[in-house]
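Novice: Pasting the sequence and the predicted model now:
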Amino acid sequence: MDLAFTPDEQKFADEVRAFVRANLAADVREKVKNGKHLIRDDYMRWQQALGKKGWLVYTWPKKHGGPGFTPAQRYIFENICAEEYAPGIIPFGTKMVGPVIYTFGNEAQKEKYLPAIRESTVWWCQGYSEPGSGSDLASLRTKAEKDGDHYVVNGSKTWNTMGHWADWIFCLVRTDSKSKPQEGISFLLIDMKTPGITVKPIIMADGGHEVNEVFFDNVRVPVENLVGKENEGWTCAKFLLANERLGIAAVPQSKRGVEALKDIARVEQDNGRPLIENQSFAEKIADLEIQVTALEFTELRVLSQMAQGGQPGAEVSGLKIRGSEIQQRITELTMEAVGEYSAPYLPGLLWQGTNEAPVGPEYAHLAAPRYFNTRKTTIYGGSNEIQKGIISKMVLGL
Amino acid sequence: MDLSLSDEQKQLQESAERFAREKYTFDNRRKIVATERGWLPENWAQFAELGWLGMAFSEEDGGYGGGPIETMIVMEQFGKGLVLEPFLPTVVLGGGMIARAGSADQKAALLAPMIEGKKQFAFAWLERQSRYNLADVSLKATKEGNGWSLSGHKGVVYNAASADEIIVLARTAGSAREPKGLTLFVVDAKAKGLSRRDYPTQDALRASELTFDKVSVGADAVLGKVDDAFPTVEEAVDRAIVALCAEATGCMDAINAATLEYIKTRKQFGVAIGKFQVLQHRMVDCFTNAQEARSMTLMASLKIDDKDPTVRAKAASGAKVQIGKSGKFCGQSAVQMHGGMGVTDEMAVSHYFKRLTMIDLMFGNQQHHLTRYSNLAMAA
Ligand SMILES: Cc1cc2nc3c(=O)[nH]c(=O)nc-3n(C[C@H](O)[C@H](O)[C@H](O)COP(=O)(O)OP(=O)(O)OC[C@H]3O[C@@H](n4cnc5c(N)ncnc54)[C@H](O)[C@@H]3O)c2cc1C
Ligand SMILES: Cc1cc2nc3c(=O)[nH]c(=O)nc-3n(C[C@H](O)[C@H](O)[C@H](O)COP(=O)(O)OP(=O)(O)OC[C@H]3O[C@@H](n4cnc5c(N)ncnc54)[C@H](O)[C@@H]3O)c2cc1C
């Protein structure tokens, strides 16, 4: 065991940093640095640059076109991207449907879909949840009925993250309503341009639009878009959820968040001194930093186990639980640091990127919306209550 | 000792409850938020008619002789409805400071019309660097002939756009953060040299940044004694804190009731999610938190008139700590138990959550008041 990077790893780190500096557009970097909201094109430009280099799908094995990073390289890559203010990689193609397709898909599907994911020319979104099926995903009711060489899909999905930007959606649909709930589900890929699909925005508490309802009205989907066997989609679904929960810990982003918080606490005044010199507040930041470190080393242990072969097990639920709580705590303390200047709500500046001058410092108006919005992290990707249920059952045998 | 409400107080509670229930349905509130002022003059007129604008003031001051308990009763119902009318800046802060420090002329010119619903106020104290220190004030007032000239900046001034008069805390002597040397001025909202940048707040109220560029006022604009405003301000803010605590208890009751209803009706895995023990226990903790908040608010409302400023300050700070803690717990829990619905604009819970969050940040958050309480309690 050795915590220090080997000379090769150090060389790799230098290469990553040089690449990010040369290929991340300055305007996108500035937006990320200042916590601004990105538009579709901002993500696409960065992801396509990574795609050209072969690094977009950095978690994929070599045989599917991934770079085959070691756990150390993966750690280095993620951390340097975050340190250099690169946008987070949208997971729907790269970390969700891509691995499902190369694990469960046929050759034709791999050929058709994987290159576009590796190069980020297609935007994917996730169609799992439904109004009546959130935590109890297996109860989903969106129906797909065979009609010749097509499935006809009817029903509705909800909480579709960035569905309004998506070209394709991967869906869990019910193909058999007679057997046990988990046994009648299939995994279907659907082109968002297919007639009969309607996307309707859901406005979040911070006033933003990032999620949608998606309605399917007699949507005809070719049978070749079925991944895996009919009625065996639950296997794909569970495989994907385990991957989703790994990414969700967001350790590098949280490390960056703690640094940003310290920067704010150095500027903000408290009785004529920088806030960071206030002992009570400094200890809160210290406590947070310790939590991030514990999470980081837990994730490193999981990665290193995975390097010995094997898929992430139920213990990744623990990463999701702590990762999401830490993300929330960062926003909570950031708002505390900003204080009453969190109150002004400037939707133009926040959502449309207008030239409206901020009230107080630039970071102030973001603090409260971030705090409100980040409550989602303990809800999505399987709520923390559900994750604790999984750990108590699968790990502790309760 | 008797902690029950009198018949009159019960009537007040009923009428405030009715107002919030009828005039502040979720949809109505949305419409009010979208109006230019962000509150309704007809509601304000109704407050005047019902006597709410004068209830906490003495009869000599033209009021109806009530006190902090009446304020508590009404504010709690305002919290339940997320009422938007500027009662806190106008009546509790503005009216409170005028009643305490104003001359007979000022009371006649300002307080009497306020009680009739014809005048509104805003209180401008916060500056960019102030955080929660009420004495961290650098906006300067200098002598100019018989009167004064004010220059500087004030931030997040609630109700400035609707106010007829702005009550401004200015430095007339002393160094930065010195409590001595502060003076209150009553400034016409349309005064020359006073400019405003208005904006909505996270919780759908209205506030402004104010810039004072050599704003001239007469000697009669001084509220109370020159250089000696701090005790007035501190007391007024303590009262405002207790009123905010009452509002927060109303928010907590409403958000808990909405969440309880939701977990009884939302089904997953074939049962109401309220059947899951983790949610049951969390719901119980929400109710316990709201009870503690209510108790501390009542305690503070009963002690806020105490002649000993330490008793008063400890009561206000203690209640604010509790409200910060309970408000955060109830707010975060409500959102969590609503699942995805909790983070949408569509549900009332997110709006209560935002208001509870902003209440914690107003006039000192939980941490600030814990420190203040600890300094007061350990010194005694
Ligand atoms: C911002 C955001 C983005 C999302 N993006 C997507 C997306 O792109 N694609 C997609 O398919 N989905 C997405 N989701 C949906 C997300 O996965 C669901 O919100 C989540 O699974 C919870 O479901 P629910 O909202 O229906 O809450 P519910 O399942 O109704 O849960 C409500 C509450 O009950 C609790 N609860 C439920 N069951 C139990 C139990 N057995 N034991 C204890 N407690 C329980 C929950 O923890 C929660 O606190 C997103 C959600 C959000 C908020
Ligand atoms: C100092 C002391 C004095 C006592 N005095 C008296 C007395 O005077 N008279 C008398 O009759 N008894 C008395 N008791 C007994 C006391 O009432 C029991 O200890 C108590 O009811 C718990 O039962 P148990 O110890 O069998 O623990 P268990 O019932 O076995 O509980 C073990 C753990 O499981 C939890 N648990 C159990 N059921 C559930 C559930 N449904 N949901 C969630 N969690 C659950 C408990 O909270 C506890 O943490 C006393 C106990 C102590 C420790």
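Specialist: Yes, it's here. Numbering: from 1, shown residues only, chains lettered A, B, ... in the order given. Ligands and ions are numbered 1, 2, ... in the order given.

Novice: Compute the number of surrounding residues for the residue in the stretch 101-250 of chain A that ligand 1 sits nearest to.
Specialist: In the stretch 101-250 of chain A, the residue found nearest to ligand 1 is A:Gly134; the distance is 1.7 Å by CB to the nearest ligand atom. Heads up, the C-betas are built off the backbone N, CA and C, glycines and all. Other residues within reach of A:Gly134, judged by other CB atoms under 10 Å in any protein chain shown, total 24.

Novice: Distance check, it against A:Ala286.
Specialist: Per CB to CB, to the nearest Å, A:Gly134 is found 36 Å from A:Ala286.

Novice: Okay, now the unreliable bits of chain A?
Specialist: Counting by pLDDT under 70, chain A contains low-confidence ranges at A:244-248, A:310-312.

Novice: Residue 300: neighbouring residues, count only.
Specialist: Here I'm looking at chain A. By other CB under 10 Å, 15 other residues sit near A:Leu300.

Novice: that answer is for a different chain, and I need it for chain B
Specialist: Taking other CB under 10 Å as the criterion, the count of residues near B:Ala300 is 28.

Novice: All the helices of the stretch 151-300 of chain B, residue numbers only.
Specialist: B:230-265, B:277-303 (DSSP state H, counting those that start in this stretch).

Novice: Among these, which comes closest to ligand 1?
Specialist: Relative to ligand 1, the nearest member of these by CB to the nearest ligand atom is helix B:277-303, separated by 4.9 Å.

Novice: How far does the closest one sit from its chain's centre?
Specialist: In terms of CA atoms, centre = their mean, to the nearest Å, the gap separating the centre of helix B:277-303 from the centre of its chain is 20 Å.

Novice: Show the subsequent helix or strand relative to it.
Specialist: Tracing the chain past helix B:277-303, the next element assigned as helix or strand by DSSP states H and E is helix B:309-337.

Novice: The next helix or strand after that following helix - what's its average pLDDT?
Specialist: For helix B:309-337, the succeeding helix or strand toward the C-terminus, using DSSP H and E, is helix B:348-361. Here helix B:348-361 scores 98 as its mean pLDDT.

Novice: for the stretch 201-350 of chain A, what spans make up the strands?
Specialist: Taking DSSP state E, counting those that start in this stretch, the strands of the stretch 201-350 of chain A run over residues A:209-222, A:226-227, A:269-270, A:273-274.

Novice: Quick check, the residue of the stretch 101-250 of chain A closest to ligand 1 in contact with B:Gly339.
Specialist: Yes. Under the criterion of CB atoms under 8 Å, A:Gly134 lies in contact with B:Gly339, with a separation of 5.3 Å.

Novice: what do these two both touch?
Specialist: A:Ser383 (CB atoms under 8 Å, 6 or more residues apart in numbering or on different chains).

Novice: Quick check: residues of the stretch 1-150 of chain B near chain A?
Specialist: Selection of the stretch 1-150 of chain B residues close to chain A by CB under 8 Å from any CB of the partner chain yields B:Leu126, B:Arg128, B:Gln129, B:Arg131, B:Tyr132, B:Asn133, B:Asp136.

Novice: Enumerate every residue touching the fifth one.
Specialist: Residues counted as contacts of B:Tyr132 (CB under 8 Å, 6+ apart) are A:Gly339, A:Glu340, B:Phe363, B:Gly364, B:Asn365, B:His368.

Novice: Report how many residues lie close to the third one.
Specialist: The one in question is B:Phe363. Residues lying near B:Phe363 (other CB under 10 Å) number 21.

Novice: which stretch of helix or strand covers it?
Specialist: Element membership of B:Phe363, judged by DSSP H and E, is empty: it is in no helix or strand.

Novice: Point me to the residue of chain A nearest chain B.
Specialist: Using CB to the nearest CB, the point where chain A gets nearest to chain B is A:Ala205, with a distance of 3.7 Å.

Novice: I'd assumed A:Phe372 was in contact with that residue.
Specialist: Yes. In terms of CB under 8 Å, A:Ala205 counts as a neighbour of A:Phe372; the distance is 4.6 Å.

Novice: who touches both of the two?
Specialist: Joint contacts of A:Ala205 and A:Phe372 (CB under 8 Å, 6+ apart) are B:Val343, B:Ser350, B:Phe353, B:Lys354.
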